[in-house]
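Undergrad: no sequence on this one, just coordinates:
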């Protein structure tokens, strides 16, 4: 019986050490975030590109999920889009200062921070690229987290989509 208790304690301690090491590695290898500034004058923009992703995913604690994100844009327009992940309503801070925030209990990363789309002779809007959002939940309790996936250009045209992560 004493051996069983020692085995359980060792398993819990080992799991905790592995989780801490994993989180340190994930935090150190977060993608570089570009820092840009908004123009001082207010201008009217027409944003004709957007990200298509599920509005909600369900996951378990300590689970990694990869979510494909389709990027829609006009076929006849060349674009250099930048991407980022932050919490909703922090879009301006992210774009202006690279000040991205992710809720405690979630780690999220896009497989790229830049997309270059070349114009074609075709008209209309279509899927021009697909990127991957990787989400790792490390909360010990269930909960609901919201992330904002941003698409923006150098001239600060931007839009975002919110994804809700439900941890069971």
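TA: Thanks, I have the structure now. Bear in mind the structure is a predicted one, so any value in this text is a computation, not a measurement.
Undergrad: now the strands for this protein?
TA: For the chain, the strands defined by DSSP state E occupy 50-52, 56-59, 63-74, 79-86, 106-110, 114-117, 125-137, 143-152, 158-167.
Undergrad: if I look at residue 126, what pLDDT would I see?
TA: Residue 126 carries a pLDDT value of 93.
Undergrad: for residue 149, see how far away it is.
TA: 19 Å (Cβ to Cβ, to the nearest Å). Where C-beta positions appear, they are placed from N, C-alpha and C, glycine not excepted.
Undergrad: compare the two (neighbour count), which wins?
TA: Between residue 126 and residue 149, residue 149 has the larger neighbour count (other Cβ atoms under 10 Å), namely 21 against 13.
Undergrad: OK, contacts around that one?
TA: Residue 149 makes contacts with 51, 53, 69, 83, 84, 85, 110, 133, 160, 161, 162, 163, as judged by Cβ atoms under 8 Å, 6 or more residues apart in numbering.
Undergrad: any stretches of this protein with poor pLDDT?
TA: Low-confidence segments of the chain (pLDDT under 70): 1, 5, 12-13, 16-46, 155-156.
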